[in-house]
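# Sequence first, then the predicted structure, then my questions.
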Amino acid sequence: MAPAQDTPFRSADMSMVQLYISNEIGREVVNALGELGLVQFRDLNGDISAFQRVFTQEIRRLDNVERQLRYFYGQMEKAGIPLRKLDLDVDTLAAPTTSEIDELAERSQSLEQRISQLNDSYEQLKKREVELTEWRWVLKEAGGFFDRAHGNVEEIRASSDNDDAPLLQDVEHNTPAGDAERSFSGMNIGFVAGVINRDRVGAFERILWRTLRGNLYMNQSEIPEPLIDPSNNEAIQKNVFVIFAHGKEILAKIRKISESMGAEVYNVDENSDLRRDQVFEVNARLNDVQNVLKNTQATLDAELTQISRSLSAWMVLIGKEKAVYNTLNLFSYDRARRTLIAEGWCPKNDLPLIRSTLQDVTNRAGLSVPSIINEIRTNKTPPTYLKTNKFTEAFQTIVNAYGTATYQEVNPALPVIVTFPFLFAVMFGDFGHAVIMLSAALAIIYWEKPLKKVTFELFAMVYYGRYIALVMATFSVFTGLIYNDVFSQTFTFFPSAWKWEVPDGYTSGPIRAVLKEPNGYRYPFGLDYAWHGTENDLLFSNSYKMKMSIILGWAHMTYSLCFSYINARHFKKPIDIWGNFIPGMIFFQSIFGYLVVCIVYKWSVNWLDPANPQQPPGLLNMLIYMFLQPGTLDVRLYRGQEYVQVGLLLLAFAQVPVLLLLKPLYLRWEHNRARAHGYRGIGERSRVSALDEDEEEEDAHVPNGRTSNDSGYDGIAMITQDLGEEEHEEFEFGEVMIHQIIHTIEFCLNCVSHTASYLRLWALSLAHQQLSAVLWSMTLGSAFSMIDNGSNGIGGALFLVAMFFMFFTLSCIILIIMEGVSAMLHSLRLAWVESFSKFAEFAGWPFAPFSFKQMLEESEDLKEYIG
Amino acid sequence: MANGWSIFIGLAVVAAMCAAAWIFSPKGENQVLWRSSLILSFVSCYLMWAITFLAQLHPLIEPRRSDLRPEYIHH
């Protein structure tokens, strides 16, 4: 049987394949399959921890390279060098050979060394520079202290030692002022000069004061420019301090305290000549250091700039390489035969492509050992693989957000492509708003390529859903025309069916319209504009929109229910048709199908026909009385109505036991019959032999009488032994019964509640229409009426412009964006709950193939390297 | 011109459009997509139009207003 073409209708046929690859080309094969992106590999080493796997060494090495590349990136960011991002649409990276990867690893190793060397020396130099700068400040400021200090040596001395004050005062008086420097040492007064963090000055002073009991003279001044801390590049405010004190021990103590407070103590000479020399020396050294620093910085920048050109590409290469080895770690390695054995899922239709890719790789490598790919049979549920294109992708995402469809059941996304935007449009129906939205969607699609690069999250979301927006807007244009609403005003494409019946000499007062041709012409497309702005237009449009919601809801649900028939037929479960689909359909149609028929019938009857006027029945009451008092009528709709209604009611209730019992009883009967024939469930011997062809064969020849727990089979299927996990399923009547009871109750109640739920179509479209009417009357409407009332000069014009601006902005923000989002959410709910619950099981698991493209798109780590 | 029969004329037109969509959908993987989307769109739009038309076919109430301007009366 040739496999059917893969369509969006249901999941592609999947097969489990087994690959035998020679160890030498394992890497190349996985690389090629990664480019292809069609195989999802299974982990065959589930019991082995990540550290014990075969290719862990390689992964470690690549991790190291990745760390080095990241380090370069960090350095580049620090130096402010822009990264050349990799555009995956333009640059295609050929799969690297092993030697290329080795080369890259070596190169990044040596680069790392070089860069960290440069960095170290840079940091050291920077530190030196800071030190020198600080020293220069100390020299400068301390010099100032000394100059000032000479003026008042007495004070210092007086404050530090009072006892021998007179004696020293004599000495002091005798010495000339020029020798003041010598006098410090002569007085046994020493000093400590240094630099300290400005915010620590207070604490520093206090501690010094307390420990030295006030035996000190401290002088400080702020350094006006902030100093840069080389270790973290932070600017720090610092103060220069000079502390004079008496005695060696005290000076040593001060030094210690300074150090412990994080202050830097610098050597300053007392002598002003020496100090001048020191300043010169410091300046010269500072100059040198700055020169070297500049050179180092330039070299580092040049090196980093060169790296920045290819860093992204390297990062991607390493990312891919790592993914390859991670995948190889999933394979089972046969040491004896030096063969890698892999298992995975792939689409059946793509098998030839995979096979030829394998062949290619093997040929290119010039190996004599062929790579083998085998399709194997399994009892495991395949993953659901729904192919998408750029149009269907977003719709599929909406559905996948709810769940993954069961393998091979009808893809709920297919009807959603139309029903979701259409139901949105029923709520969003306004031609003007729809056209704005349509233009936006078309613009995004027209500039699809350049806009793809925009990373602003909110826009990226709109961009992703651009085709949804396109379809939504298109349908909204249609529904806007049907509602005859354009920014809450109307079109007058066709002549109205109504004319105003104006009495002669009319000035004001209530007035009513009459049909131009009571039995002929009606407004051919959409709502008649005669209703626009009338006193009772809501009365009419509410009745119309409410009934429309019911009819559309009925159509949507009936349509969805039909998919359950298609599913049952596809899975060859006739009992689902007879036990679920048919009774469910009859139940639904005999109540709500009947209601819809009544609505349409009531519309098609001319109740006010002057020849035979009748009272029109209220359909809501009719439906309520159909349940409350079967057989009695409030107002008659047609002849024989009571009998039809009782009949339908009985038919509907007769479906409940069928729905409840048919399927469980049938399943039990079937199960018992199979048991009676001596069959057992496949699950009862949950093992698939896939490792070896012979075993498959042997397995097929197992005679019926052989017991299922034949010990000879244990442990054979090493590779696939975890296949049969939860396939083991005993038939249990109780469980099936409970499941069916829940289903029945749910279905019957949902018929009612879901139909009512569609009334949101009416509510939202009413809200949208009223909101836009209010906006119009408060902005443009008021501007027009002002101009109408005479203020048509420049002021009126300006007011109109301002009002238009407001009208347009508010229309876009409130009516298009906010209302649009709300309508979208309601439509989403109608799809997820009201529609999907009728047919979709959502018990699948998604196909996630090993694909470089996907990996690069989804990787968080590589995001900043790919532009 | 546009009386009750329009519903059936419209139905015929939409049926023809659906048939055309079925026949002329481009072949290939996405044929199902084309067919389902086009036909579903046509049917939905027809439903909406038909409902709107039917709702106005035999109206039970007529438009009323009291703010009609004398200039408008000749319409």
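Received it, and whenever you're ready, just let me know what you need. Numbering: from 1, shown residues only, chains lettered A, B, ... in the order given.

# Quick one: the helices in chain B, in order.
In chain B, the helices defined using DSSP state H lie at B:6-24, B:31-55.

# Adding distance to A:Pro495, mean neighbour count and mean pLDDT, write those out as a markdown table.
Backbone N, C-alpha and C define where each C-beta goes, glycine included. Formatted as a markdown table, the helices of chain B follow (distance: least, C-beta to C-beta, whole Å; neighbours: other C-beta atoms under 10 Å in any protein chain shown; pLDDT from 0 to 100):
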| stretch | distance to A:Pro495 | mean neighbour count | mean pLDDT |
| --- | --- | --- | --- |
| helix B:6-24 | 15 | 14 | 95 |
| helix B:31-55 | 15 | 20 | 95 |
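
# out of the ones you listed, nearest to chain A?
Of all the helices of chain B, helix B:31-55 sits nearest to chain A, with 4.0 Å by C-beta to the nearest C-beta.

# just checking, what packs against the closest one?
helix A:413-428, helix A:466-483, helix A:537-570, helix A:594-604, helix B:6-24 (3 or more C-beta pairs under 8 Å, 6 or more residues apart in numbering or on different chains; DSSP states H and E).

# between those helices, which gets nearest to A:Val242?
Closest to A:Val242 of the helices and strands packed on helix B:31-55 is helix A:466-483 (C-beta to C-beta; 71.1 Å).

# and that closest one, anywhere near chain B?
Yes - contact between helix A:466-483 and chain B, assessed by C-beta under 8 Å from any C-beta of the partner chain, occurs at A:Phe475, A:Phe478, A:Thr479, A:Ile482.

# The third one: what's it in contact with?
A:Thr479 sits next to A:Ala425, A:Val426, A:Phe428, A:Gly429, A:Ala434, B:Met48 when contact means C-beta atoms under 8 Å, 6 or more residues apart in numbering or on different chains.

# still on that earlier bit, I'd like the helices of chain B as TSV, with distance to A:Gly465 appended.
Below are the helices of chain B laid out as TSV (distance: least, C-beta to C-beta, whole Å):
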stretch	distance to A:Gly465
helix B:6-24	25
helix B:31-55	17
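
# Can you show me the helices along the stretch 101-250 of chain A?
A:153-160, A:165-174, A:180-186, A:201-211, A:248-260 (DSSP state H, counting those that start in this stretch).

# Going by distance to A:Leu358, which of the contacts of A:Thr479 wins?
Looking across those and measuring by C-beta to C-beta, the closest to A:Leu358 is A:Ala425, at 48.8 Å.

# That closest one touches A:Phe475, doesn't it?
Yes - counting by C-beta atoms under 8 Å, A:Ala425 does reach A:Phe475; the two are 3.5 Å apart.

# And those two? Which one has more around it.
A:Ala425 (28 against 25; other C-beta atoms under 10 Å in any protein chain shown).

# How about the contacts made by that one?
So A:Ala425 contacts A:Ala434, A:Met472, A:Phe475, A:Ser476, A:Phe478, A:Thr479 (C-beta under 8 Å, 6+ apart).

# The fourth one and chain B: what is the separation?
Spelled out, it's A:Ser476. A:Ser476 sits 12 Å away from chain B, going by C-beta to the nearest C-beta, to the nearest Å.

# For that residue, which non-adjacent residue is closest in space?
Once flanking residues are discounted, A:Ser476 sits nearest to A:Ala434: 3.4 Å by C-beta to C-beta, 6 or more residues apart in numbering or on different chains.

# which neighbours does the helix or strand hosting A:Trp500 have in its sheet, and in what orientation?
Taking DSSP states H and E as the criterion, A:Trp500 maps to strand A:498-501. Using DSSP bridges, strand A:498-501 pairs in its sheet with strand A:511-515 (antiparallel).

# circling back to that earlier point, looking at the helices of the stretch 101-250 of chain A, which has the lowest confidence?
Sorting the helices of the stretch 101-250 of chain A by mean pLDDT places helix A:165-174 lowest, at a mean of 45.

# Got phi/psi on the residue nearest to A:Ser476?
phi -60, psi -40 (degrees, to the nearest 10).

# so it touches A:Ala473, yeah?
Yes - using C-beta under 8 Å, A:Ala434 is in contact with A:Ala473, at 5.3 Å.

# Which strand or helix spans A:Gly344?
Taking DSSP H and E as the criterion, A:Gly344 maps to strand A:339-347.

# And the contacts of that strand?
By C-beta under 8 Å, 6+ apart, the residues outside strand A:339-347 that reach it are A:6, A:12-23, A:26, A:38-42, A:44, A:328, A:330-334, A:354, A:376, A:382-383, A:385, A:690-691, A:719-720, A:847, A:849-850.

# do the same with stretch B:29-47
Taking C-beta under 8 Å, 6+ apart as the rule, stretch B:29-47 contacts A:5-9, A:387, A:389, A:392, A:414-415, A:417-419, A:422, A:475, A:478, A:551-552, A:555, B:10-11, B:14, B:17-18, B:21-22, B:25-26.

# Could you tell me which of the residues you listed count as buried?
Neighbour-count burial (16 or more other C-beta atoms under 10 Å in any protein chain shown) is assigned, among the contacts of stretch B:29-47, to A:6-9, A:387, A:392, A:414-415, A:417-419, A:422, A:475, A:478, A:551-552, A:555, B:10, B:14, B:17-18, B:21, B:25.

# hang on, A:Leu19 in a strand?
Yes - checked against DSSP: H, G, I helix; E, B strand; the rest coil, A:Leu19 lies within a strand.

# All the strands of the stretch 201-350 of chain A, in order from the start?
Using DSSP state E, counting those that start in this stretch, the strands of the stretch 201-350 of chain A run over A:216-222, A:227-229, A:234-236, A:238-246, A:264-266, A:332-334, A:339-347.

# Could you export the fourth one as CSV, CA atoms only?
These are the backbone C-alpha positions of strand A:238-246, laid out as CSV (Å, rounded to 0.1, in the frame of the first residue of the first chain):
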residue,chain,number,x,y,z
LYS,A,238,38.2,59.3,48.0
ASN,A,239,39.8,61.6,50.5
VAL,A,240,43.4,62.4,51.1
PHE,A,241,44.3,62.4,54.8
VAL,A,242,47.4,63.4,56.7
ILE,A,243,47.6,62.5,60.4
PHE,A,244,50.2,63.9,62.6
ALA,A,245,50.9,62.2,65.8
HIS,A,246,53.5,61.8,68.4
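
# angle of that strand against helix A:201-211?
Here strand A:238-246 runs at an angle of 10 degrees relative to helix A:201-211 (axes from the mean of the first three to the mean of the last three C-alpha atoms, to 10 degrees).

# elements contacting strand A:238-246?
Judged by 3+ C-beta pairs under 8 Å, 6+ apart, the packing partners of strand A:238-246 are helix A:98-151, helix A:153-160, strand A:189-197, helix A:201-211, strand A:216-222, helix A:248-260.

# Next, the angle from the third one to strand A:216-222.
Looking back up the chat, that one is strand A:189-197. 40 degrees.

# Relative to strand A:189-197, what are the paired strands and their orientations?
Applying DSSP bridges, strand A:189-197 is found paired with strand A:238-246 (antiparallel), strand A:264-266 (antiparallel).

# among the ones you listed, which is the most enclosed?
Greatest average neighbour count among the strands paired with strand A:189-197 goes to strand A:238-246 (a mean of 23), per mean count of other C-beta atoms under 10 Å in any protein chain shown.

# to the chain's geometric centre, what's the distance from that strand?
Averaging C-alpha positions (C-alpha atoms, centre = their mean, to the nearest Å) puts strand A:238-246 59 Å from its chain's average.

# circling back to that earlier point, could the strands paired with strand A:189-197 go into JSON lines alongside mean pLDDT?
Below are those laid out as JSON lines (pLDDT from 0 to 100):
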{"stretch": "strand A:238-246", "mean pLDDT": "82"}
{"stretch": "strand A:264-266", "mean pLDDT": "82"}
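
# So which residue is smack in the middle of chain B?
Of all residues in chain B, the one closest to the mean position by C-alpha atoms, centre = their mean is B:Trp49, 3.0 Å from it.

# so who does the closest residue to A:Gly553 other than its chain neighbours touch?
Sequence neighbours aside, A:Tyr758 is the residue nearest to A:Gly553 in space, at 2.8 Å (criterion: C-beta to C-beta, 6+ apart). Residues near A:Tyr758 by C-beta under 8 Å, 6+ apart: A:Ser549, A:Ile550, A:Leu552, A:Gly553, A:Trp554, A:His556, A:Leu830, A:Glu834.
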